[in-house]
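Student: A predicted structure for the sequence below; I have some questions about it.
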Amino acid sequence: MHPDFVIVLFGLGVGVLIGMTGIGGGSLMTPLLILIFGVKPVTAIGTDLAYGAVTKTVGGWRHWRRRTVDLPLSIWMALGSVPAAVAGVVALKALEAGHRATFDATVLIAVGGALLLCGGAMLARMILAPRPTEAEREIPLTPVRRAAAVALGLVIGFVLGVTSAGSGSLITVALIVVFRLSPRRVVGTDVFHAAIVLWSAALAHLIAGDVDFALAGMILLGSIPGVWAGSALAYRVPVGALRAALGLLLVGAGLALVQKAGATVPTWTIAAFPVAVAALILASQLQRLRARPPLDAPEA
């Protein structure tokens, strides 16, 4: 199979997962480009940010039309995340100039660490907010929370500029735990803010020469229809189990990247995560089958 077609298929799959779960492509596509297609780490990061900026802009516009965006909170987070994302790219290029021999390994460790953090955040979200419709509520944006939003943006923006990961997974947990947003505003605010910070990071990487336009175009060919298809499937798939599976996969991908960088990570540890994902999906399907009413049951 032609490599370009395979990249389009991977873009389609990632797009479907984004549409179904709201998880950003940076946590999914960057490790795929590095581990499977052998793309240079810094090019994978810049290209991923460029395609993600386009995808998130489409999603952010849709959420804006549906009025599910907390605009003040998004602006306060962007005040920290936009300059921090540019600073992250500058730090990355400075590291490349000063440590060329170990640069790729350092980037792999950084991306792997970000994936481990994102995967852990997704799993923590399920523990901290198992019932978001009951646990979440709107609270006023006080000066203290405005400062917290700027600080959160600083951290997320810098991590995003260096690794391309974190714009979705980490902010989602903060929106639930710290800012207590209602469920319909969590995804909308996350996607809208991600579009802003992704463009700043992508433009910085574009100026630095880290974006492969042909590769980004092939990913977009699959990801754009994938996002639309995933949005339609979101109500037919157990999203909770899917997010847990993605969290486990991100942890496994993070360990694989750290191992690729030369760290000592037992292979059986990495292989355990796909097995756990398969078991989780199987358990979810069995639970759904048990929950279905018998065929001869009377209609309500």
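Tutor: Yes, it's here.

Student: use CA for all of it now, contacts and neighbours both
Tutor: OK.

Student: Name all residues that make contact with the residue lying closest to residue 111 once chain neighbours are set aside.
Tutor: Nearest non-adjacent residue to residue 111, counting by CA to CA, 6 or more residues apart in numbering: residue 163, 5.0 Å away. Contact analysis of residue 163 by CA atoms under 8 Å, 6 or more residues apart in numbering lists 45, 107, 110-111, 114.

Student: do residue 198 as well
Tutor: 49-50, 52-53, 160.

Student: now the residue nearest to residue 71 when sequence neighbours are not counted: how far from residue 70?
Tutor: Leaving aside its sequence neighbours, residue 71 sits nearest to residue 189 (CA to CA, 6+ apart; 7.3 Å). Look at residue 189 and residue 70: by CA to CA, to the nearest Å, they are 5 Å apart.

Student: returning to that earlier point: and which of the contacts of residue 163 is nearest to residue 62?
Tutor: Closest approach between the contacts of residue 163 and residue 62, by CA to CA: residue 45, at 25.5 Å.

Student: Just to check, the closest one is in contact with residue 28?
Tutor: No. Between residue 45 and residue 28 there is no contact under CA atoms under 8 Å: 11.3 Å.

Student: When those two are compared, which one has more neighbours?
Tutor: Neighbour tally, residue 45 and residue 28, criterion other CA atoms under 10 Å: the higher count belongs to residue 45, 30 against 25.

Student: Just the element for the more buried one, please.
Tutor: Per DSSP states H and E: residue 45 is located in helix 41-65.

Student: Show me what that helix is in contact with.
Tutor: Outside of helix 41-65, the residues within contact range by CA under 8 Å, 6+ apart are 24-26, 29-30, 33-34, 69, 104, 107-108, 162-164, 188, 191-196, 198-199, 201-203, 205-206, 210-213, 215-217, 219-220, 223-224.

Student: hang on, the earlier thing: give me the number of residues near the residue nearest to residue 71?
Tutor: 26.

Student: ok and the host helix or strand of it relative to helix 41-65, angle-wise?
Tutor: Residue 189 is part of helix 183-208 when elements are defined by DSSP H and E. If you take axes from the mean of the first three to the mean of the last three CA atoms, to 10 degrees, helix 183-208 sits at 140 degrees to helix 41-65.

Student: How far does helix 183-208 sit from its chain's centre?
Tutor: 11 Å (CA atoms, centre = their mean, to the nearest Å).

Student: Just the residues contacting stretch 79-88, thanks.
Tutor: With CA under 8 Å, 6+ apart, stretch 79-88 has contacts from 149-162, 196-197, 200-201, 204.

Student: If any of those residues are buried, give me the ChimeraX selection for them.
Tutor: Buried members of the contacts of stretch 79-88, defined by 16 or more other CA atoms under 10 Å, are picked up in ChimeraX with:
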select :149,150,151,152,153,154,155,156,157,158,159,160,161,162,196,197,200,201,204
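
Student: Going by neighbour count, which of the contacts of residue 198 comes out on top?
Tutor: Highest neighbour count within those, by other CA under 10 Å: residue 49, with 34 neighbours.

Student: ok, residue 227 to residue 4 distance?
Tutor: Counting by CA to CA, the gap from residue 227 to residue 4 is 19 Å.

Student: Neighbour count for those two, which is higher?
Tutor: residue 227 (26 against 13).

Student: where are the low-confidence patches of the chain?
Tutor: Within the chain, the ranges that satisfy pLDDT under 70 run 1-3, 19-26, 125-139, 166-169, 183-184, 231-243, 261-300.

Student: Quick one: the helices in it, in order.
Tutor: 3-21, 26-35, 41-65, 71-98, 103-128, 132-135, 143-163, 169-177, 183-208, 213-233, 239-260, 267-291 (DSSP state H).

Student: Dump the first one to PDB, restricted to CA.
Tutor: Just to be clear, that refers to helix 3-21. Presented in PDB, the C-alpha positions along helix 3-21 are these (Å, rounded to 0.1, in the frame of the first residue of the first chain):
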ATOM      1  CA  PRO A   3       2.600   5.400   2.100                       C
ATOM      2  CA  ASP A   4       0.700   8.500   1.200                       C
ATOM      3  CA  PHE A   5      -2.600   6.500   1.200                       C
ATOM      4  CA  VAL A   6      -1.700   5.000   4.600                       C
ATOM      5  CA  ILE A   7      -1.100   8.500   6.000                       C
ATOM      6  CA  VAL A   8      -4.600   9.600   4.700                       C
ATOM      7  CA  LEU A   9      -6.100   6.500   6.400                       C
ATOM      8  CA  PHE A  10      -4.400   7.300   9.700                       C
ATOM      9  CA  GLY A  11      -5.600  10.900   9.300                       C
ATOM     10  CA  LEU A  12      -9.100   9.500   8.900                       C
ATOM     11  CA  GLY A  13      -8.900   7.400  12.000                       C
ATOM     12  CA  VAL A  14      -7.500  10.200  14.100                       C
ATOM     13  CA  GLY A  15     -10.200  12.500  12.800                       C
ATOM     14  CA  VAL A  16     -12.900  10.000  13.800                       C
ATOM     15  CA  LEU A  17     -11.400   9.800  17.300                       C
ATOM     16  CA  ILE A  18     -11.300  13.600  17.600                       C
ATOM     17  CA  GLY A  19     -14.900  13.900  16.500                       C
ATOM     18  CA  MET A  20     -16.000  11.200  19.000                       C
ATOM     19  CA  THR A  21     -14.000  12.100  22.000                       C
END
